[in-house]
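Asks: sequence? don't have it. structure:
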């Protein structure tokens, strides 16, 4: 899909996210909505080389959702991509469902790594990128990190290692929406300066509007052609709860599911 | 018989396995201590030093394992099980990955480095994790065979080795999940693991002179526990002892107690570190201070026999 098509399609994904979190009566709408345009670009903008019919294809690209609580965004993309039946989406967080509250690689094809406890996903992604280098594989590893997650010290151990081993097959994307459960990131524990941090760790670092499909498509093209023996970082400036007026920039919706009433309001806002 | 540090066997066995291109070895700046350096020298392209970042190392191990590699990652026992616990739980065990975590310098026999570096809760931490299998070999020979065996088995393993030289005395093969009866005896049975198995054996030989017959079992696999051997030995002995260079909470003593309480209720006397941290000193002095001596084992057995 091109930028326009992706933008139109994002409405479908947003609705699906809200419906399944509402159905689960728990989950994380705020960060799912802030990151869905990034995921949409990766899965439907011809960025990730993945084939739902052959989910373990050796030459596929890997995607690791380090901010595992945005699982509804990932599940929605995987379902629409064809990794599993869309009917499964309504089983989110329910007993016996492969759609665990946080991604579980053992339960669902298309999930490359189990995540949820913050900081580990990016470190696993570094391990994968290192392993792919050892295998002389052309595949890339994409990893989405949350901004609150940047408070975990492990993230910096991972960044250091990515640079040390010249992992130019690794693209780290930061969902920078500025909010976390307890409030503004700048109030809870400021992570700024962010760009300088990535640069200091040796990353080729770029900033984009994380809801602008032209910019997102371009930056991933840049990553694919960069390959300068340096890892690549995309700081995506986003809006928590993006697309739903009463959720936007509200940290209260980090982990609060929409009520039935809120869901109806959100769906009508997003349009038919 | 000679004295050899069983960590030396870890390095040697890794080199033996190295021709298999599917094996990668990671360390966190302690390769010369854990002996993974031997592999580094032989196969530098498949050795990765992650620096002083044990948590990161274990997650990177998970990344390699997800890409199909068999991973051996090592550091001091205290760091790889403690510092890196979250990665062991979330990334290795939760995903049931083929990673062997080798914790060297376990227990108080680390010696002079002191309590900050002495792992006395590592078995406890690892044993409680679903999917984790826990191996504590008695000596060099058993460690070597264990590493070879682990390379052929799936799933997460914790392998515990020691800094100090110890008697290299075992001759049995190594099979995961099997406990080895080193000596039979009906008055008492000592279930032991690690480099203190040798002490149990020596105590048993001493007691034999006084016609006290003490069985000694090398429980080198603490999880999964060899139920048949434990049941058999416990049934045949009046008194049950456990001996480990680890806290009496959560390690081998707990594993045996839990099993027997549900299957063959019997009193179990746990010999080990009594819910305390270690301290600096020579390994020999520390073993005396914390009761890891042949005499202390003997007096405990005699005391229990008297009270029986």
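Replies: Perfect, thanks for sending it. What you see is a predicted model, and the numbers here were worked out from it, not measured in a lab. Numbers count the residues shown, from 1 in each chain, chains lettered A, B, ... in the order given.

Asks: Which residue, other than its chain neighbours, is closest to residue 121?
Replies: As the question left the chain open, I've gone with chain A. Nearest non-adjacent residue to residue A:121, counting by CB to CB, 6 or more residues apart in numbering or on different chains: residue A:66, 2.7 Å away. C-beta here means a position set from N, CA and C on the backbone, and glycine is covered the same way.

Asks: Wait, chain B was what I had in mind.
Replies: That would be residue B:247: by CB to CB, 6+ apart, it lies 5.4 Å from residue B:121.

Asks: cool, residue B:144 as well?
Replies: Residue B:144's closest residue in space is residue B:9 (CB to CB, 6+ apart), at 3.9 Å.

Asks: go on, residue B:289?
Replies: Residue B:289 sits nearest to residue B:281 (CB to CB, 6+ apart), 6.8 Å away.

Asks: Residue B:51 is in contact with residue B:30, isn't it?
Replies: No - Residue B:51 is not in contact with residue B:30 according to CB atoms under 8 Å; the separation is 10.5 Å.

Asks: From the neighbour counts alone, determine which of those two ranks first.
Replies: residue B:30 (20 against 15; other CB atoms under 10 Å in any protein chain shown).

Asks: Neighbours of the closest residue to the more buried one other than its chain neighbours, how many?
Replies: The spatial neighbour of residue B:30 that comes closest, neighbours along the chain excluded (CB to CB, 6+ apart), is residue B:75 at 5.4 Å. Residues contacting residue B:75 under the criterion other CB under 10 Å number 30.

Asks: Residue B:75: what secondary structure?
Replies: For residue B:75, the assignment made with DSSP: H, G, I helix; E, B strand; the rest coil gives strand.

Asks: Isn't it up against residue B:57?
Replies: Yes - assessed by CB under 8 Å, residue B:75 is found in contact with residue B:57 at 7.0 Å.

Asks: Between these two, which contacts overlap?
Replies: B:27-28, B:84 (CB atoms under 8 Å, 6 or more residues apart in numbering or on different chains).

Asks: got a list of what residue 234 touches?
Replies: The chain I'm using is chain A. A:171-174, A:206-208, A:219-220, A:223 are the contacts of residue A:234 under CB under 8 Å, 6+ apart.

Asks: That was the other one, I meant chain B.
Replies: So residue B:234 contacts B:189, B:240, B:260, B:264, B:266 (CB under 8 Å, 6+ apart).

Asks: Which element, helix or strand, includes it?
Replies: Using DSSP states H and E, residue B:234 falls within helix B:227-235.

Asks: So for residue 83, what's the nearest residue that isn't a sequence neighbour?
Replies: Here I'm looking at chain A. Nearest one to residue A:83, counting by CB to CB, 6+ apart, is residue A:110 at 3.9 Å.

Asks: think we crossed wires, I meant chain B
Replies: residue B:54 (4.5 Å).

Asks: now the one you found: how far from residue B:109?
Replies: 21 Å (CB to CB, to the nearest Å).

Asks: Who wins on neighbours among the contacts of residue B:234?
Replies: residue B:189 (31 neighbours).

Asks: Wait, it touches residue B:240, no?
Replies: Yes - counting by CB under 8 Å, residue B:189 does reach residue B:240; the two are 5.7 Å apart.

Asks: Thank you kindly, that will do.
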